[in-house]
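Novice: With the sequence up front, the predicted model follows.
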Amino acid sequence: MSRAADARLLLERIAAAYAPATLSSSLGAEDMVLTDMVAREGLPIEVFTLDTGRLHAETLELIGRVQAHYGLALRVVQPEPQAVVQYVTVHGRNAFYGSVEMRKRCCAIRKVEPLKRALEGKRAWITGLRREQSAARAGLRVAAFDTDLHIAKFNPLADWSGNDVWDYIRKNGVPTNPLHDRGYPSIGCEPCTRAVEPGADERSGRWWWEEEAKKECGLHVAAENRGQSPNAGFGAVGSAVALQNDLGFSGRMNLPAGKAETMEGQNRGVARAGEGA
Ligand code: SF4
């Protein structure tokens with residue numbers, strides 16, 4: 001089976017076993033692949049995007065194009081206006097350049113809180129994350145349980161390469177952000193994203209003024225890193241074993257080729273993350 005067929009199958013199973021499921025889209029290339037699959041197959045998976053108030057005009061324009069192209073009601077989630085006004089009034093609109101703390105506070109207001117609202121009432125959160133995107137994502141799993149947000153999290157493209165993504169886009173005429181053609185492999189807020197040289201780490205254009213280790217916005221803190229203890233979350237409703245059972249797999253996590261993970265391996269991974277926290 002091709003990687004695209006694998007990902008489609010996984011989405012179908014998530015939609016069936018984890019309704020209501022939602023796909024968070026930054027409108028980047030990977031998220032457009034998943035949006036295309038959801039729309040083409042008519043899967044009952046909501047697609048939402050976070051309009052932080054600091055996005056590029058090209059990204060905002062793509063929202064309308066996606067809705068028109070697929071006839072899809074893309075949900076747009078925005079930050080709480082009062083929290084934004086308070087941050088800007090007290091610290092300044094671009095205070096995030098001043099310190100990691102100020103940057104994280106801005107991300108918390110414009111991204112993390114709206115994300116939590118968007119996930120309320122959902123049983124599964126689907127993302128377009130890939131292992132290749134950065135060193136921080138090298139250990140990404142296809143399925144995990146976010147013990148902080150208490151939701152099953154799926155990354156159907158975890159083992160895709162950049163070429164896989166762009167092959168799919170070309171073959172299927174998927175709409176994309178024109179910034180990709182101008183050197184932006186990863187697109188976030190305008191003041192915090194810049195173009196990178198060909199071959200550079202795909203996330204190196206994000207918060208480029210910070211040290212590599214501090215560069216995540218809080219949306220995708222690895223599920224296992226959110227837990228208070230190595231096995232936190234494994235007693236919760238959406239434990240890794242439950243993920244396996246709900247998706248109709250047995251023994252090994254019979255995910256598509258290259259995505260198989262033993263439950264034993266998942267537990268070991270959690271223990272490692274807990275030790276290092
Ligand atoms: S990426 Fe930059 S502008 Fe966007 S929320 Fe984070 S700090 Fe704020």
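Specialist: Received the coordinates, thanks. Numbers count the residues shown, from 1 in each chain.

Novice: what mean pLDDT would you report for the helix or strand containing residue 163?
Specialist: If you go by DSSP states H and E, residue 163 is part of helix 162-172. Per-region confidence: helix 162-172 scores 97 on mean pLDDT.

Novice: now for it, which elements pack on it?
Specialist: helix 29-41 (3 or more Cβ pairs under 8 Å, 6 or more residues apart in numbering; DSSP states H and E). (Glycine included, C-beta is placed from N, CA and C.)

Novice: what's the angle between the helix it packs on and helix 162-172?
Specialist: 40 degrees (axes from the mean of the first three to the mean of the last three Cα atoms, to 10 degrees).

Novice: immediately after helix 29-41, which helix or strand?
Specialist: From helix 29-41, the next helix or strand downstream (DSSP H and E) is strand 45-50.

Novice: sorry, back to before: please export the C-alpha coordinates of the helix holding residue 163 as CSV.
Specialist: Output of helix 162-172 as CSV, limited to C-alpha atoms (Å, rounded to 0.1, in the frame of the first residue of the first chain):
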residue,chain,number,x,y,z
GLY,A,162,9.2,16.3,2.2
ASN,A,163,9.2,14.7,-1.2
ASP,A,164,6.2,12.5,-0.3
VAL,A,165,4.3,15.6,0.7
TRP,A,166,5.1,17.5,-2.4
ASP,A,167,4.5,14.5,-4.7
TYR,A,168,1.0,14.2,-3.2
ILE,A,169,0.3,17.9,-3.6
ARG,A,170,1.4,17.9,-7.3
LYS,A,171,-0.5,14.8,-8.2
ASN,A,172,-3.7,15.9,-6.6
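
Novice: Where does the prediction get shaky in the protein?
Specialist: Residues of the chain that meet the criterion pLDDT under 70 lie in 213-218, 221-277.

Novice: Can you list the neighbours in contact with the helix holding residue 163?
Specialist: 3-4, 29-30, 32-33, 36, 40, 130, 132, 157, 174, 176, 185, 202 (Cβ atoms under 8 Å, 6 or more residues apart in numbering).

Novice: Give the buried residues for that helix.
Specialist: Using 16 or more other Cβ atoms under 10 Å as the test for burial, helix 162-172 gives 164, 165, 168, 169.

Novice: which among the residues you listed gets closest to the ligand?
Specialist: residue 165 (22.0 Å; Cβ to the nearest ligand atom).

Novice: what sits against the residue nearest to the closest one when sequence neighbours are not counted?
Specialist: Computed as Cβ to Cβ, 6 or more residues apart in numbering, the closest residue to residue 165 that is not its neighbour in sequence is residue 29, at 5.1 Å. Neighbour list for residue 29: 128, 165, 166, 169, 176, 177, 180, 185 [criterion: Cβ under 8 Å, 6+ apart].

Novice: Skip ahead from the strand or helix carrying residue 14 and say which helix or strand is next.
Specialist: Assigned by DSSP H and E, residue 14 falls within helix 3-17. Next along the chain after helix 3-17, taking DSSP H and E as the criterion, comes strand 21-24.

Novice: No more questions from me, cheers.
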